[in-house]
Every structure is written in structure tokens, then in C-alpha cells.
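Q: Next one to model:
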Amino acid sequence: MEIKEYIAQNRERFMEEWGSLLRIPSVSCEQEHKPDMLRCAERWKELLLAAGCQHAEVMPAPTKDGNPFVFAEYQPTCNHQHAVTNTQSPTCNHQPTVLVYAHYDVMPVAPLELWQSDPWEPTIRDGRLYARGADDDKGQAMIQAKAFEYMVRYIWSNPEMAAKYRACHVKFIFEGEEEIGSPSLAAFIEQHKDLLKCDVILVSDTSMIGKQTPSLTVGLRGLAYWQIEVDGPNRDLHSGHFGGAVRNPINALTQMLAQVVDERGKITIPHFYDDVLPIPDEERKMIAQIPFDLEAYKRAIDVDEVFGEEGYSTLERNSCRPSFDICGIWGGYTGEGSKTVLPSKAFAKVSCRLVANQDHEKISREFAEYMQAIAPSGVRVKVTPMHGGQGYLCPIDLPAYKAAERGFEVAFGKRPLAARRGGSIPIIAEFERVLGVKTILMGFGLEQNAIHSPNESMDLEVWEKGIIAVTEFYKELAK
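A: Next up is the predicted model:
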């Protein structure tokens, strides 16, 4: 049976199984939903077993009060004749091992009054399914589950098809804390790295450029974040009595921060660019093919002009190049009316988006040293690192990437563009660090799906094409 026919015959069941997950309010950041987290994990266990896994279990988090993990596994029998024993073996390295990662927790639904239908009751209208988690990530995880189900039932269990497409060893790891920063996942990976051992990781938790412009995410930026405190006099001073005679901490802080980015958009932190890799010419050509209207972009955010590092386009700047931003700044008197004060303290929160190969811990140290080096006399500067994460880059010549590319081409009728994203998913780099393998970001979200917002939805046509794309990925990987 072809995959399109399988989807058509099982569409009603697919919708009901998907809906059974969407009806569970698995909101990880709200304590009242703690029982729902376990309920959702248990439901995923049932669905993965029904899809064809021989083993599935709900595993406790390694951190106190962490939400449970779901691990499931499909391990096919190897049909190759082994030279030593001349017998078939239950496992062998002829079978590529794919680890599928997803998360079952979702964002809160507030403000509830902005939803056009009950966020916990999936509703179909205008070719879309509306519910919290419809896309992020229950909808995309279901794409993976249903593609796997088809492969088990109609490809890997069919001797004729199995001779053409060798079966993959497939593992699933679903977590319930992604929306709160995955505090348990790094420790879980470390504790269970033998269990999670694989050849490639497959993730559907990202987006495409557009329904008519399919794309594969090949890069994510890393992050470094700090709070800066500048101390001056031991108390707020009268600006008339002391102004011009004592260094103002706010003046000092703004002067320091103004030096971090020069007039050409370059970051001035010493050694900042030492590990930044150039954008390959082939990738720059792909970026140039992405539909982008600069004038519409400026109108949408009401700016007269864009600004960034010289020599790069806007799409390159916000995805392939590092950046520095002041996220917040405060100090002195900010209340109603006026108060002539020379403040004793000034504060700022600042961040860098980093690119693959930049070490966020190294950059964090270098920034703190730079702030101390350029601090003027008369003030004391304290830089406190807050959090960070590594960037990620997937080579587009990787066999697994080529398999995913072929999957999109079959499903959507055109070769997907390789696109980096400006945001950060630090756990992807953590997977690579611990398990030593690359991740294929095979996402099917669209901007109009409104993840994290009221009326989150999933385009049902894209959802079904996603299933087709993932089945083709398995076929290509196994050739």
C-alpha cells in the first residue's frame, strides 16, 4: 500500500489519536498540570507501542520534580548473513539507528478569551486543526509516529519491500520540559547515553519558510546572556551639587555598551570572531532564493532602515552571523515627574546570539574581561553570566540530510532550501556533545500556525505531506 492511500484509509483514526494527546493540558510551567504531564507521557507510550515499537516505557526525570521521559524502541531483525556464523543476527551495524526526539509539554493558553475555540478540544476549520500543541510539538511528533507506523507495517515487514529498503533501528525519546528550558534533559542524556546511542537524531520541532517554499533548518544560533552592574558613589547624589564632578554610573554604562558594536556593525570584543566560520557560497546562493521583501519587512516593524554587519544581507545577518543586543537597561529615577539625581548604580541585561563553532562559555569570559578593560575610572563593574547555549550547524552534504532533502522533494514537489534560523535550541548542541552525532531538523511548522499564541493550529495538508516526507527519509536513509 502506498503512503498516500494509507493516510487516506486511516485519517479518521489518526485524527482521534492526535486529538487524544491534544485534549491533555500538559502545560509544564504550571504546577496544577503536574498530573497531566504523566498522563500525556503514558498516552504517548500507548501510541508508540500501537505504532509498532516492541518496547516503550515512561522513565523518571533525573532531576527533582522533573517531568517523565518516554522512551520507545523498534529493533528489526537483521536479514544479512554474517560471515562468522553464517546466520541471521538480531542486530548488526547494517541497520542505521535513528533517534527521534520530540516534546509533549505545551505552553499555557492564556489569554483564553482570544481563542476562537476551546484550546483543549481540537477543532478543524478551513483546512486546519486548532488546539494548543497542534503544531508545537504534538502535531509534529505525530508526523513522526505515523510515518514510522507506515514503515513498520508496509515496508519493513514486507519481504519484497524490505529487500529494497533495509529496516532502521528506531528509538524515540520524548520529554516534558522543553517549554521550560529542558532542565532535566542534559542529565538524562548523560545517564542514558548507551540507551540513546544512534547514528542520527531526527527532530520535527522547527518550521519551514512557507507552504510553497519548503525548507530544512540547518543551523541554529547559540546564546550568551549577562547582567551588568555599574557602581559609583555610595548613594544617589544631588546632580546640581555633584554633576560634572563625579562619574555617573549610567553615563559610564552607556558609554561602555556603545563601544561593543562599531559603525560597520562589527562586534568589538577581542577574539570574538576567531571561531566564526564563513558562510559557504552554496548556502549563500540558497539564502538568496528565499522569498524576502525588504520594504515589507521594514514596514511590518515600522523602521526606516535596517542595520547590521556590513557585507551581509538581512537574512544572513539574522541567522548566519553573530549579534549583540542590549535587552534592558535601568538605573536612577524613572518615576513620574522629575528628580535631579546622580544615581549610585546602573544595570543592563545584554545578550549575544552566537553561531556554530563559537563557544558560549568562552565568549562569556571574553565579554566580561572586555567590560572590565573598557570600564572608566570612578566606577566598579560587575558582569554576571546568566545563561547560554551552543549554536548548531548541520552539513548539507551529510547522507541523512540528503535523505531528508529527498523526503521533502517527494512530498512537496520541490527541493527544499537549506535555511539557518536565528533562534536557539541549546539541547541540539548538547545531543551532539554527548552522543557525538548530528541532528536533522525536519520541521513542518508555518509562521501562521501561531505556536505559543492563541489559536495555535496545524495545516492539515502540510501535516499529511510531513508524513510522506518522513517515510521517504527512512527509505532514502536505508538504501
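Q: Would you list the phi and psi of the residue nearest to residue 374 when sequence neighbours are not counted?
A: Closest residue to residue 374 apart from its sequence neighbours, by C-beta to C-beta, 6 or more residues apart in numbering: residue 256 at 5.5 Å. Every residue, glycine included, has its C-beta placed from N, CA and C. Main-chain dihedrals, residue 256, degrees, to the nearest 10: phi -70, psi -50.
Q: For the most centrally placed residue in the chain, give its distance to residue 431.
A: In the chain, the centroid-proximal residue (C-alpha atoms, centre = their mean) is residue 425; its distance is 3.8 Å. Using C-beta to C-beta, to the nearest Å, residue 425 is found at 10 Å from residue 431.
Q: Can you give me the neighbour number for the residue nearest to residue 374?
A: When neighbours are counted by other C-beta atoms under 10 Å, residue 256 registers 22.
Q: so what's it up against?
A: Listed by C-beta atoms under 8 Å, 6 or more residues apart in numbering, the contact set of residue 256 reads 230, 371, 374-376, 381.
Q: Which pLDDT does the model give it?
A: pLDDT, residue 256: 98.
Q: can I assume the residue nearest to the centre of the chain is in contact with residue 392?
A: Yes. With contact defined as C-beta atoms under 8 Å, residue 425 counts as touching residue 392 (7.3 Å).
Q: list residues touching both of these two?
A: When C-beta under 8 Å, 6+ apart defines a contact, the residues bordering residue 425 and residue 392 alike are residue 220.
Q: Next secondary structure after the host helix or strand of residue 401?
A: Per DSSP states H and E: residue 401 is located in helix 399-412. Remark: after helix 399-412, the chain's next helix or strand is strand 417-421, criterion DSSP H and E.
Q: Look up the closest residue to residue 235, ignoring the ones flanking it.
A: That would be residue 344: by C-beta to C-beta, 6+ apart, it lies 5.5 Å from residue 235.
Q: Distance of that neighbour relative to residue 270?
A: From residue 344 to residue 270 the distance is 30 Å (C-beta to C-beta).
Q: could you pull out the strands for the stretch 101-250 of the chain?
A: Taking DSSP state E, counting those that start in this stretch as the test, the strands found in the stretch 101-250 of the chain are 123-125, 128-130, 169-175, 200-203, 215-220, 222-231, 237-238.
Q: burial measure for residue 267, as a count.
A: Residue 267: 19 surrounding residues under other C-beta under 10 Å.
Q: Revised request: answer the last question for residue 305.
A: By other C-beta under 10 Å, 5 other residues sit near residue 305.
Q: Contact partners for it?
A: Counting by C-beta under 8 Å, 6+ apart, residue 305 touches residue 298.
Q: What of the one 3 residues further on?
A: Residue 308 sits next to 265, 314, 317-318, 321, 323 when contact means C-beta under 8 Å, 6+ apart.
Q: what are the phi and psi values for it?
A: According to degrees, to the nearest 10, residue 308 has phi 180, psi -170.
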